[in-house]
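Q: the following block contains a protein sequence and its predicted model.
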Amino acid sequence: MTYEIVTLYVITFCLIVGAAFTLIGAIGLLKFNDSMTRLHAPTKVGTVGVGGLLLASIIYNGVFGEGAMHETLIMAFLFVTAPISANFIAKVNMHRRACDQPPELPGDEQWATFDLVETDNTPDADTISQ
Amino acid sequence: MMRLYRWLFPHPLLTLILALVWILLQNEFSAGMAVFGVIIGIIIPRSTAAFWPERPAGFRLGKMISYSLMVLWDIMVANVQVAWIVLTVPNSKLKPAWIIIPLELRQPEAISLLAGTITLTPGTVSADLSESGHYLLVHVLHTDDPEAEVDEIKKRYEARLKEIFV
């Protein structure tokens, strides 16, 4: 009996931590005013926020259900894909001049994103308005 | 014999991972599904081998596991720090910065792992790579000392990744 109560407390703790970080991520998304700093908010939600909720699910299913390991897969896929989407958003921001431009590289090199034909480099009217 | 092994398992680790993912997807363990997972693990790397003929030369699994655990811990610590920044630092006092990390890593796998690690740790997002792949562009949410940030990433993550990919 006490064993079940302790487990419930652990599950509740995980849920609260996960929910709190998700909330903070959302607050960050609203609060920051620059598109690059905004990008930092979702990377938090994707890790500890979802992680806490999934951990609660794993414990619940492990103790009261038949034990599900799907959650670890969700976690793994999330960890693999989240950086890629963040990277894409960062690159789009750089192209649209939506943020402070990154510093120049030493030497002749430039950032790979800007390695384009010159005419493609300036965003035209309809890509900005979208 | 060795050639047959190489032909059948171009990426032995991928075979293992695919089999494991398949078994986890089933949610209940049965011998038939395990065998099917191994079959999938053999067919997929074999049929895609033509697209990535090179294999990472050396890869230390043990070091990789301890590295993952360290990154998980760092994610949690950094999460609390960034949550604190979100809740307490007003926008006008926020000091975001771009930092450039000169890379010593050369293998594409190692660089993408480093970039992924940097993005997953809250507070830093890796944005771009230089044309030659020798510099990594990282955006930091709030920092007083960009130089220290570069040092920290190089010492904490890059040095360890250099030991994983020999």
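A: Cool, got the structure. Numbering: from 1, shown residues only, chains lettered A, B, ... in the order given.
Q: tell me how far the residue nearest the centre of chain B lies from B:Leu105.
A: What sits nearest the mean C-alpha location of chain B, by C-alpha atoms, centre = their mean, is B:Leu113, with 2.7 Å. Distance from B:Leu113 to B:Leu105, counting by C-beta to C-beta, to the nearest Å: 9 Å. The way it works is simple: take the backbone N, C-alpha and C, and place the C-beta from them, glycine included.
Q: ok so, going back, which residue sits closest to the residue nearest to the centre of chain B in space, ignoring its chain neighbours?
A: In space, B:Leu113 comes closest to B:Leu161 once its chain neighbours are excluded; the distance is 6.2 Å by C-beta to C-beta, 6 or more residues apart in numbering or on different chains.
Q: quick check: phi and psi on B:Phe9?
A: phi -120, psi 80 (degrees, to the nearest 10).
Q: quick one: buried residues of stretch B:6-16?
A: Judged by neighbour count (16 or more other C-beta atoms under 10 Å in any protein chain shown), stretch B:6-16 contains these buried residues: B:9-11, B:14-15.
Q: out of those residues, which touch chain A?
A: Among the buried residues of stretch B:6-16, no residue lies close to chain A (C-beta under 8 Å from any C-beta of the partner chain).
Q: between the residues you listed, which sits nearest B:His142?
A: Closest to B:His142 out of the buried residues of stretch B:6-16 is B:Leu14 (38.4 Å), distances taken as C-beta to C-beta.
Q: surely the closest one and B:Pro45 touch.
A: Yes. With contact defined as C-beta atoms under 8 Å, B:Leu14 reaches B:Pro45; the gap is 4.9 Å.
Q: on that earlier part again, how far does the host helix or strand of the residue nearest to B:Leu113 sit from the chain's center?
A: Assigned by DSSP states H and E, B:Leu161 belongs to helix B:159-164. Distance of helix B:159-164 from the chain centroid (C-alpha atoms, centre = their mean, to the nearest Å) equals 12 Å.
Q: what packs against it?
A: helix B:61-88, helix B:108-120 (3 or more C-beta pairs under 8 Å, 6 or more residues apart in numbering or on different chains; DSSP states H and E).
Q: so can I have a markdown table of those showing distance to A:Ile24 and mean pLDDT?
A: Putting the helices and strands packed on helix B:159-164 into a markdown table (distance: least, C-beta to C-beta, whole Å; pLDDT from 0 to 100) gives the following:
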| stretch | distance to A:Ile24 | mean pLDDT |
| --- | --- | --- |
| helix B:61-88 | 5 | 86 |
| helix B:108-120 | 17 | 85 |
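Q: using JSON lines, lay out those together with distance to A:Ile58.
A: Shown next, in JSON lines, are these (distance: least, C-beta to C-beta, whole Å):
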{"stretch": "helix B:61-88", "distance to A:Ile58": "15"}
{"stretch": "helix B:108-120", "distance to A:Ile58": "20"}
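Q: of those helices, which stretch is the most buried?
A: helix B:108-120 (a mean of 21; mean count of other C-beta atoms under 10 Å in any protein chain shown).
Q: got the angle for the helix or strand following it vs helix B:108-120?
A: Counting by DSSP H and E, the next helix or strand C-terminal to helix B:108-120 is strand B:124-129. Relative orientation of strand B:124-129 versus helix B:108-120 (axes from the mean of the first three to the mean of the last three C-alpha atoms, to 10 degrees): 140 degrees.
Q: packing partners of strand B:124-129?
A: helix A:70-95, helix B:108-120, strand B:135-140.
Q: out of those, the one nearest B:Arg156 is which?
A: For those, the distance to B:Arg156 is smallest for helix B:108-120, at 9.3 Å, taking C-beta to C-beta.
Q: and the closest one with helix A:70-95, angle?
A: Going by the same axes, to 10 degrees, helix B:108-120 makes 90 degrees with helix A:70-95.
Q: if we can go back for a sec, quick one: the residue nearest to B:Leu113 and B:Ala110 touch, right?
A: Yes. With contacts counted by C-beta under 8 Å, B:Leu161 reaches B:Ala110, the gap being 5.1 Å.
Q: mutual contacts of the two, please.
A: Common contact partners of B:Leu161 and B:Ala110 (C-beta atoms under 8 Å, 6 or more residues apart in numbering or on different chains): none.
Q: doesn't B:Pro45 make contact with B:Leu8?
A: No. The criterion here is C-beta under 8 Å, and B:Leu8 misses it with B:Pro45 at 9.1 Å.
Q: about what we covered before: including distance to A:Lys31, could the helices and strands packed on strand B:124-129 go into CSV?
A: Formatted as CSV, the helices and strands packed on strand B:124-129 follow (distance: least, C-beta to C-beta, whole Å):
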stretch, distance to A:Lys31
helix A:70-95, 18
helix B:108-120, 20
strand B:135-140, 17
